[in-house]
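>>> Quick one: sequence and predicted model below, then my questions.
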Amino acid sequence: MNAAANTTDETPTHDDIRLLTRLVALAVLPFLAVASVLLYVFAGETEALFAWTIDPPLTAMLLGSAYLGGIWYFLVVLRGRGWHRVKYGFPAVLVFATLLAVATVVHFDRFHHGHISFITWACVYAVTPVLVLVAGLRNWGRDDGRADDVDMRIPVGVRTLLIAVGACSLFAGLALYAFPGLFLETWAWPITRLTGRVIGAVLTLPGMVNLWLVVDERWSAFRLLLQAEIVSLCFMAGALVVGGGALDWSRPATTLFVAVIAASLVVFLGVYIRCDRGRHPVSRRQPRGAARR
């Protein structure tokens with residue numbers, strides 16, 4: 001009997017997305033969809049509809065923007081091919097979900113206990129960090145570093161720019177999360193310690209993704225993740241327009257935050273267009289350096 005006859009569904013396949021990973025994506029997507037609608041469309045109704053009252057609505061829309069990018073990402077995980085194309089999103093989701101889980105415990109008194117939204121929120125953030133960690137670890141070794149058939153090396157200058165943006169976003173997010181009280185009087189719009197930590201968690205997402213460019217130059221490993229980031233940034237820009245009345249332009253942080261969101265959207269779009277147009281056929285027999293020349 002030949003080897004092919006002994007192959008089962010559990011046989012490791014190069015760069016495949018495992019069933020558990022897809023099931024995690026499937027489980028997370030309904031929550032993201034409902035939360036996105038509640039936070040972005042009904043941002044002014046969180047007292048009645050959401051797990052806790054978020055004021056001003058701009059903060060709710062910002063969190064909703066992150067969830068909308070998450071929908072894009074997890075749809076790719078659910079339906080896509082190629083683990084290396086999505087794997088760097090899992091550490092980012094793990095950090096984000098863990099930070100929100102901790103914030104829920106720390107600020108437990110701020111939530112609408114007994115409300116279906118809070119029960120759902122608490123359940124999701126109790127189990128999501130564990131599921132994402134387990135799925136990510138079980139799938140991590142399926143990427144052997146090979147490039148896609150059509151791929152490219154991300155130019156050093158572009159990588160450096162994205163790493164710098166990611167590092168700044170991660171640093172700002174962690175600082176806001178760890179010391180929200182320091183930002184209550186200086187942030188671009190009114191925040192509480194809870195909403196400050198939520199915004200900080202959102203800011204860690206691009207940072208946790210972009211820093212992986214230090215060790216991986218394949219465009220295919222970041223192409224779909226950059227799409228998700230662009231989706232989030234588009235909705236964040238929309239939130240600043242719709243909810244801009246909450247912005248306090250007397251604070252320097254306001255101009256800085258708006259400028260950073262606008263600049264990041266332009267930069268990410270430019271990088272995406274440049275790198276996508278630069279793809280070329282690559283030998284699948286070559287490892288990670290295959291797309292480097």
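Looks like it came in fine. Numbering: from 1, shown residues only.
>>> for the strand or helix carrying residue 230, packing partners?
For residue 230, the host element (DSSP states H and E) is helix 223-242. Packing partners of helix 223-242 (3 or more C-beta pairs under 8 Å, 6 or more residues apart in numbering; DSSP states H and E): helix 57-79, helix 193-210, helix 252-277. Yep, even glycine has a C-beta here, placed from its N, CA and C like the rest.
>>> As a check, name the ranges of all helices in the stretch 51-200 of the chain.
Under the criterion DSSP state H, counting those that start in this stretch, the stretch 51-200 of the chain contains helices at 57-79, 89-106, 116-140, 156-178, 193-210.
>>> Remind me what the third one packs against, helices and strands.
Just to be clear, that refers to helix 116-140. Packing partners of helix 116-140 (3+ C-beta pairs under 8 Å, 6+ apart): helix 19-36, helix 89-106.
>>> circling back to that earlier point, of all the helices of the stretch 51-200 of the chain, which lies closest to residue 26?
helix 57-79 (5.7 Å; C-beta to C-beta).
>>> In the closest one, which of the residues would be classed as buried?
Neighbour-count burial for helix 57-79, with 16 or more other C-beta atoms under 10 Å as criterion, is recorded at 57-74, 76-78.
>>> again with stretch 83-102
83-101.
>>> cool, stretch 154-172 as well?
154, 158-159, 161-163, 165-166, 168-170, 172.
>>> Let me know the closest of the residues you listed to residue 40.
The closest of the buried residues of stretch 154-172, once distances to residue 40 are taken by C-beta to C-beta, is residue 169, at 20.7 Å.
>>> low-confidence ranges in the stretch 51-200 of the chain?
Residue ranges of the stretch 51-200 of the chain with pLDDT under 70: none are present.
>>> State the helix or strand in which residue 248 lies.
According to DSSP H and E, residue 248 maps onto no helix or strand at all.
>>> Relative to residue 255, how far out is it?
Residue 248 sits at a distance of 10 Å from residue 255 (criterion: C-beta to C-beta, to the nearest Å).
>>> Including distance to residue 24, could the helices of the stretch 51-200 of the chain go into CSV?
Output for these, formatted as CSV (distance: least, C-beta to C-beta, whole Å):
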stretch, distance to residue 24
helix 57-79, 8
helix 89-106, 9
helix 116-140, 5
helix 156-178, 23
helix 193-210, 17
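>>> Nearest to residue 27 among those helices would be which one?
Closest among those, using C-beta to C-beta: helix 116-140, at 7.2 Å.
>>> what does that closest one contact?
Outside helix 116-140, the residues within contact range by C-beta atoms under 8 Å, 6 or more residues apart in numbering are 17-18, 20-21, 23-24, 27-28, 31, 34, 38, 49-52, 83, 87, 90-91, 93-94, 97-98, 100-101, 104, 111-112.
>>> at 7 Å what do you get?
By C-beta atoms under 7 Å, 6 or more residues apart in numbering, the list of residues contacting helix 116-140 from outside reads 17-18, 20-21, 24, 28, 31, 49-51, 83, 87, 90-91, 93-94, 97-98, 100-101, 104, 111-112.
>>> where does the spatially most central residue of the chain land on pLDDT?
The chain has residue 205 as the residue nearest its centroid, 4.4 Å off, counting by C-alpha atoms, centre = their mean. Here, the pLDDT recorded for residue 205 equals 97.
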